[in-house]
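J.: Below are the sequence and a predicted model; questions follow.
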Amino acid sequence: MTEKKSTKKKTKAKRTTKKTAKAATSATKAAKTTKAVRAAKSTKVAKATATKATVARTAQVSQTTRLRVTQVKSGIGHAFSMKRTLVALGLKHHQDEVVLPDNPAVRGMIRRVHHLVSVRSVEE
């Protein structure tokens, strides 16, 4: 009987040390996440101001220029994502032509399928 009691006490002691260790690590994690959140907020503010300036610059450019995009190659045999990009640009078939606003979203889509399309700028 005495052996069982002593093993029970030992396992209880192990459990309590594990609990205190978990509490200490959770407190450390909370402190780290608080610091990370503060750092992220400061970088978000910096990014937001930079983004506003970029949007202002692109807004001035996009008011006057537009892009004439012509599909010169078929999407057959290319990745499905490229086919979806052609559809998103409004190109339905070979030699189809669309006029799109000159903005970063359209430029990014054109960059993805640059080998399938030709692009000319159109002044309005």
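T.: Looks like it came in fine.
J.: Run a quick neighbour tally on residue 72.
T.: Residue 72 has 11 neighbours, counted by other C-beta atoms under 10 Å. For the C-beta atoms, the positions are set from N, CA and C on the backbone; glycine is no exception.
J.: mind listing what it touches?
T.: Each residue near residue 72 by C-beta atoms under 8 Å, 6 or more residues apart in numbering is listed here: 94-95, 116-118.
J.: Just the buried ones from those?
T.: Of all the contacts of residue 72 considered here, the ones buried according to neighbour count by 16 or more other C-beta atoms under 10 Å are 116-117.
J.: Just the closest of the contacts of residue 72 to residue 80, please.
T.: Distance to residue 80, by C-beta to C-beta, is smallest for residue 116 among the contacts of residue 72, at 13.5 Å.
J.: distance of the closest one from residue 106?
T.: For residue 116, the distance to residue 106 equals 15 Å [C-beta to C-beta, to the nearest Å].
J.: Run through this structure and note the low-pLDDT ranges.
T.: Low-confidence regions of the chain, defined by pLDDT under 70, span residues 1-29, 31-32, 41, 44-64, 124.
J.: can you pull out the strands in this protein?
T.: For the chain, applying DSSP state E gives strands covering 65-71, 97-101, 117-123.
J.: Between those strands, which one is closest to residue 30.
T.: strand 97-101 (46.6 Å).
J.: Mind giving me the packing neighbours of that closest one?
T.: Helices and strands touching strand 97-101, as assessed by 3 or more C-beta pairs under 8 Å, 6 or more residues apart in numbering; DSSP states H and E, comprise strand 65-71.
J.: in its sheet, what does the strand it packs on sit against?
T.: If you go by DSSP bridges, strand 65-71 pairs up with strand 97-101 (antiparallel), strand 117-123 (antiparallel).
J.: how about those strands in a markdown table, adding distance to residue 111?
T.: Listed next are these as a markdown table, based on distance: least, C-beta to C-beta, whole Å:
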| stretch | distance to residue 111 |
| --- | --- |
| strand 97-101 | 13 |
| strand 117-123 | 10 |
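J.: closest one to residue 36 among those?
T.: Taking C-beta to C-beta as the criterion, residue 36 comes closest to strand 97-101 out of these, the separation being 38.0 Å.
J.: Show me what counts as buried in that closest one.
T.: Within strand 97-101, the residues that qualify as buried are residue 100, counting by 16+ other C-beta under 10 Å.
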